[in-house]
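Novice: any chance you can model this:
(one chain, ligands or ions: 1)
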Amino acid sequence: SRIGQPKLVSPITDQNLSGLEKSKQLAAWTAVDQHVKPEHRVIGIGSGSTVPYVVERIVQLGAEANQERVFIPTGFQSKELIVSSGLSLGDVDQYPTIDVTLDGADEVDHELNCIKGGGACHLREKVLAEAANTFILVADYRKNVEYLGTNFTPGVPIEVVPFAYAKVLQNLHHILGSPKASLRMAVKKAGPVVSDNGNFIIDAPFDLEKMKTPYTIMAQIKMLTGVVEVGVFCNMAKAAYFGNEDGSVTIK
Ligand code: 5RP
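Specialist: Next comes the predicted model:
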């Protein structure tokens, strides 16, 4: 479904956000307005560039609304965001049941399956998605696709134990039929990207036909020894909010 622009009541509206940023903000604000309920006490906060707008909207709910709440981060970025916004920080080992988790996505298909892990946070993101009674995705219009892999071309993010990365790459090349998977490197190829859990990330591009059965891909990769988590989330999200360029929001 598609709804009009929600009423924006924050001073941030006056800032000159670019079209893309505005669409991220619209998605995030609408999702918070619809899914963060007054009775919610434990809230999961995901990672990426859309999630700061989730926190922005939550902060606007006011100190009174948030004083008895605890916020659980999916990584270093969201931990900093929670703390710097003056919200109470918790951890999933203290709160294994979360009322609602709001997170970004790299792509979301017509069945709400998604690719996550563009920011290398998908292990903790999946734990918080699973812990949540309600898991909600927020994204800009580019992420809204019929089938995974349409716009997001780097491939499926896979977190691997460093010791096993070469063997996992070799096994992935067998599965893919060619050496397409690669170890994610830091800027200027200074070394491998290291996740918040001290692991490496492999990106494995599957062809579009295979991406039409994301659960099969996820299960196949997860079986490989040394794989910690796969950035394909199936049957987890209750809804996805996409901000559009025209100021509307698409809800899936
Ligand atoms: C990090 C993620 C992010 O949620 C995903 O990459 C989306 O980020 P953005 O909101 O910046 O597009 O999965 O691991």
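
Novice: report the longest strand in the protein, please.
Specialist: strand 132-140 (DSSP state E).

Novice: can you give the strand pairings for that strand, parallel or anti for each?
Specialist: Note on strand 132-140: by DSSP bridges, its sheet partners are strand 98-103 (parallel), strand 239-243 (parallel).

Novice: out of the ones you listed, which comes closest to V70?
Specialist: strand 98-103 (9.5 Å; Cβ to Cβ). From N, CA and C alone the C-beta is placed, and that goes for glycine too.

Novice: what sits up against the closest one?
Specialist: With contacts defined as Cβ atoms under 8 Å, 6 or more residues apart in numbering, strand 98-103 is touched by 28, 31-32, 35-37, 39-48, 51, 54, 72, 74, 92, 116, 125, 128-129, 131-138.

Novice: just the buried members of those?
Specialist: The neighbour count (16 or more other Cβ atoms under 10 Å) marks 28, 31-32, 35-36, 40, 42-48, 51, 54, 72, 74, 92, 116, 125, 128-129, 131-132, 134-138 as buried among the contacts of strand 98-103.

Novice: returning to that earlier point: which other helices and strands contact the following helix or strand past the longest strand of the chain?
Specialist: Counting by DSSP states H and E, the next helix or strand C-terminal to strand 132-140 is strand 156-160. In terms of contacts (3 or more Cβ pairs under 8 Å, 6 or more residues apart in numbering; DSSP states H and E), strand 156-160 is packed against helix 122-131, helix 165-176, strand 200-204, helix 214-222, strand 227-230.

Novice: thinking again about what came up before, the buried ones among the contacts of strand 98-103 also near the ligand: which ones?
Specialist: Among the buried ones among the contacts of strand 98-103, proximity to the ligand is found for G46, S47, G48, K116, E125 (Cβ under 6 Å from any ligand atom).

Novice: low-confidence regions, the chain specifically.
Specialist: 1-16 (pLDDT under 70).

Novice: can you show me the CA trace of the longest helix anywhere in it as CSV?
Specialist: In the chain, ranked by residue count with DSSP state H as the criterion, the top helix is helix 19-35. Below are the C-alpha coordinates for helix 19-35, written out as CSV (Å, rounded to 0.1, in the frame of the first residue of the first chain):
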residue,chain,number,x,y,z
GLY,A,19,15.9,13.6,-1.8
LEU,A,20,17.4,10.2,-0.8
GLU,A,21,17.9,11.3,2.8
LYS,A,22,14.4,12.6,2.9
SER,A,23,13.0,9.3,1.7
LYS,A,24,15.0,7.4,4.4
GLN,A,25,13.6,9.8,7.0
LEU,A,26,10.0,9.4,5.8
ALA,A,27,10.3,5.6,6.0
ALA,A,28,11.8,5.7,9.4
TRP,A,29,9.4,8.2,10.9
THR,A,30,6.4,6.4,9.5
ALA,A,31,7.5,3.1,10.8
VAL,A,32,8.2,4.5,14.3
ASP,A,33,4.8,6.2,14.3
GLN,A,34,3.0,2.9,13.4
HIS,A,35,5.0,0.3,15.4
